[in-house]
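Visitor: Have a look; sequence and predicted model below, questions after that.
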Amino acid sequence: MKYFIPIIFFILISCADKVTQQDLQQLNGYWDIDKVESVDKKVTKYGANSTIDFYFVNEQNEGYRKKTTLDFSGTYKTNNIKDKIVIEDKNGAFIIKTITSLDNWEEVIISLTKEKLVLKNEKGVLFYYNKHEKFNSN
């Protein structure tokens, strides 16, 4: 019986949708942070966001991430600071390595679809994103 729980856990993890190389192109675009879940399961929800993350990744899994804001005219504004990113496959998991002039860090892509993104940082904190949709005043 003591092996039953770990076996069930392994089966559930194995059946989960894994992020594939083809999925990585879905990262391209604008993403709104929805919530952050700490290691102790404390959840911080975000409402309307003043900043939106923009990702660009090419076929070689290299690109950048930058912070943008959306003004009321529907135009994205940025200070043009681009954090270099490289995505690596480590033992079947895709890792986003971010390189800036001040710091470097890694995040595991837990889930990636056309509408949702979940990242996990080195401390185990989960970041949940929704694909950003522009507000249409028409």
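Guide: Cool, the structure landed.

Visitor: now the strands for the protein?
Guide: 29-37, 43-45, 52-57, 62-70, 76-77, 83-90, 93-99, 104-112, 116-121, 126-131 (DSSP state E).

Visitor: of those, which approaches Lys18 most closely?
Guide: strand 93-99 (8.3 Å; C-beta to C-beta). C-beta: built from backbone N, CA, C; applies to glycine.

Visitor: where does the chain have low pLDDT?
Guide: 1-17, 134-138 (pLDDT under 70).

Visitor: follow-up on the earlier one: got the strands of the chain as a markdown table, with mean neighbour count columns?
Guide: Output for the strands of the chain, formatted as a markdown table (neighbours: other C-beta atoms under 10 Å):
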| stretch | mean neighbour count |
| --- | --- |
| strand 29-37 | 17 |
| strand 43-45 | 10 |
| strand 52-57 | 18 |
| strand 62-70 | 16 |
| strand 76-77 | 12 |
| strand 83-90 | 15 |
| strand 93-99 | 16 |
| strand 104-112 | 16 |
| strand 116-121 | 18 |
| strand 126-131 | 18 |
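
Visitor: Please dump these into TSV; it should also carry distance to Asp23 for every row.
Guide: Below are the strands of the chain laid out as TSV (distance: least, C-beta to C-beta, whole Å):
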stretch	distance to Asp23
strand 29-37	13
strand 43-45	25
strand 52-57	11
strand 62-70	15
strand 76-77	24
strand 83-90	11
strand 93-99	8
strand 104-112	5
strand 116-121	10
strand 126-131	13
